[in-house]
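Visitor: sequence plus the predicted model coming up.
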Amino acid sequence: MEATSICGGRYKVLVVESKLEPIDILLGIFSCGIYTARYAKFYCK
């Protein structure tokens, strides 16, 4: 998913935040990096 397509252009993107939860880190370690979930928030003008 791209922020530019969500916000309607590259100059309309204000902030992109990504968050990695502790449970996602543990699952990534146990799956040798196969599963690495991450949450993203996009803020547009």
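Guide: Thanks, I have the structure now.

Visitor: grab the most central residue of the chain for me.
Guide: Nearest residue to the geometric centre of the chain (Cα atoms, centre = their mean): Ala40, 3.2 Å.

Visitor: looking at this, that one is in a strand?
Guide: Yes: the assignment for Ala40 by DSSP: H, G, I helix; E, B strand; the rest coil puts it in a strand.

Visitor: which residues of the protein fall in helices?
Guide: Along the chain, counting by DSSP state H, helices occupy 3-7, 22-30.

Visitor: and Val13, which of the ones you listed is closest to it?
Guide: helix 3-7 (4.7 Å; Cβ to Cβ). Where C-beta positions appear, they are placed from N, C-alpha and C, glycine not excepted.

Visitor: do me a favour and average the pLDDT over that closest one.
Guide: If you average the pLDDT over helix 3-7, you get 89.

Visitor: would you mark the buried spots in it?
Guide: Of the residues in helix 3-7, 3, 7 count as buried by neighbour count, 16 or more other Cβ atoms under 10 Å.
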